[in-house]
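Undergrad: Please find the sequence and the predicted model below.
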Amino acid sequence: MSGSSGRRVLTQTPLRLVPNIRRVIAMPFIPGEEMPGSVSRASSIIDRIMAMDDAEASSVLAHTRQRFAHRHRNLEATWSAHYRMAAASAGHNADADVDRALLIGAYFTRECALETAALFNPSIVVHPDQRTAGDGQLRVVLSLRAVGEGHISAIEFRTGVVDGAGALLLDAPGTSPTAGIHSPGPFRRSLFRAKLAERGCDGEDASLFLDHLAPRFNQGELESALVAVHRGRQPTPSTMHSVECIRWIADNNYTVAFSADTNIADRVLWPSGPAESHGMEDARFVRFVDDDGAVAYLATYTGFDRHHIASRRVSTTDFQTFVVSQLSGPYAENKGMALFPRKVSGRFVALSRWDRERSAVAVSDDGIEWAEATTLDSQLRPWQLVQVGNCGSPIETGDGWLVLTHGVGPMREYAMGAMLLDLDHPSRVIGTLSEPLLRATDDQRDGYVPNVVYSCGALVTGETLMLPYSYADSAVGVAVIDLPELLRRLTRSRL
């Protein structure tokens, strides 16, 4: 895009990031449970494995090691974990030695391809560790939405540097992706109260349960509260429904930890909670600085369970341990939330598209419950008449909050634009671009979803805005934006 001054605002670079079909992850496989409503066949399969003679079992285990061990990190540890899971699922008390347990675990493990369908919708943030950066370099982390087998979306990462000339250089991707170790919690009583109300489970049983809990609690305390509430009481349909809702909320709030000797590019956030069973979509990461100076990397993403969508949050300080939680409130519904990089007037702020068509600015006291929002008042141009939303978290500048946007026009063509919000009152729009910054070029139009360009977050380096973006929901390109020129055009258009 260039204007009457002749000065170009956006320039596309030759960098392209495309799906790699060789990236696979080892996941649990319980035959039968992959089909809705079907019965697990785990017990009979374990019986058949236990019935193998020792020579055959040893041969099969050796062959499986040879075929797969080089494709995964600590594969035998994964097999051991999947053996325990399968035995517990089947209620099976197999007296298996170490090798037989590994073989059972192998039968209950599958490879899932991470990127066979698409790799797209990137965001970019400053890497938390700059010790290996060279002179004039800035280390960065990209998040990506990867779509693979079953059209299930997961969150992947890449690392790289922005060099002294402003070019993005990506490190080689990891060769042994892993989903990390999942554990329940930590839990917030206020979130349970809000989610129970949303699910119509805020009756007497649920209230009694909440009364037994501290404002913050863990899995053990949750189980103790359930026992205390129901001790000596005859179960009723209402009681069972409340317990079901409580456990559903608990399953949707968890922590994922990765070994310190894994690379960030090997770490995959794979759908775990029931509310995201079919996808973790479009993570918008932002480096968030709290009022006390504490730094965390926060992201909102869309959880999809095949029937419903919901905005969710992930938090990390080091891209090694991630805390994943639900959000509550009417303005955390639908897709496309993006958190501001700091509080405004002591409150968390986020862009929201709660009505599915227009952007709004939502506020929250705790960053979890979003019950207030103001729809932004800006003119819809022809290229964004269908709907308009953000392309990542707002970027603070001296002229205002810079928001990269996406709009949908005729033939469901996506284009990217920009607007400027007031620093102190971000619900007030002070400038917009009348024409798009970026549209798919002819060689970017065709793919998984044609005619789409999209981003989940950009990064300022000096006077350049580094913009990773996806095209056709299939692959990733990188553009650089002349930040002073973009701001000049936005301030010139002040409303």
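TA: That came through, no problem.
Undergrad: Quickly list what residue 461 is bridged to.
TA: residue 464 (DSSP bridges).
Undergrad: burial measure for residue 442, as a count.
TA: 6 (other C-beta atoms under 10 Å). Using the backbone N, CA and C atoms, a C-beta is placed for each residue, glycine as well.
Undergrad: try residue 211
TA: 11.
Undergrad: Next: residue 295.
TA: 11.
Undergrad: quick one: contacts for it?
TA: Taking C-beta atoms under 8 Å, 6 or more residues apart in numbering, we find residue 295 in contact with 128, 287-289, 317.
Undergrad: give me that answer again for 7 Å
TA: The contact partners of residue 295, by C-beta atoms under 7 Å, 6 or more residues apart in numbering, come to 287, 289.
Undergrad: cool, and residue 220?
TA: Contacts of residue 220 (C-beta under 7 Å, 6+ apart): none.
Undergrad: Just say helix, strand or coil for it.
TA: helix (DSSP: H, G, I helix; E, B strand; the rest coil).
Undergrad: any idea which element the residue nearest the centre of the chain lies in?
TA: When C-alpha atoms, centre = their mean is applied to the chain, the residue found nearest the centroid is residue 283 (4.0 Å). Per DSSP states H and E: residue 283 is located in strand 280-289.
Undergrad: residues of that strand that come out buried?
TA: Buried residues in strand 280-289, counting neighbours by 16 or more other C-beta atoms under 10 Å, are found at 280-288.
Undergrad: Let's test this: mean pLDDT of it, rounded?
TA: The average of the pLDDT scores along strand 280-289 is 98.
Undergrad: Run the chain-centre distance for the lowest-mean-pLDDT helix or strand in the chain.
TA: When each helix and strand of the chain is scored by mean pLDDT, DSSP states H and E, helix 204-211 comes last, with a mean of 86. Here helix 204-211 is found 31 Å from its chain centre; the criterion is C-alpha atoms, centre = their mean, to the nearest Å.
Undergrad: Now the element after that helix, going C-ward?
TA: Criterion used, DSSP H and E; the element after helix 204-211 is strand 216-217.
Undergrad: what about the closest residue to residue 407 other than its chain neighbours, distance to residue 18?
TA: Computed as C-beta to C-beta, 6 or more residues apart in numbering, the closest residue to residue 407 that is not its neighbour in sequence is residue 384, at 2.4 Å. To residue 18, residue 384 is 28 Å away according to C-beta to C-beta, to the nearest Å.
Undergrad: again, but for residue 128
TA: Residue 128 is 27 Å from residue 18, by C-beta to C-beta.
Undergrad: More neighbours: those two, which one.
TA: residue 128 (17 against 11).
Undergrad: Residue 316 is in contact with that one, correct?
TA: No. If you go by C-beta atoms under 7 Å, residue 128 and residue 316 don't touch, sitting 8.6 Å apart.
Undergrad: list the helices and strands the strand holding residue 283 packs on?
TA: strand 118-126, strand 138-147, strand 153-162, strand 295-304, strand 338-339 (3 or more C-beta pairs under 7 Å, 6 or more residues apart in numbering; DSSP states H and E).
Undergrad: what residues does stretch 203-216 touch?
TA: Under C-beta under 7 Å, 6+ apart, the answer for stretch 203-216 is 186-189, 192-193, 196, 221, 225-226, 228-229, 238-239, 242, 246.
Undergrad: Appreciated, that's everything.
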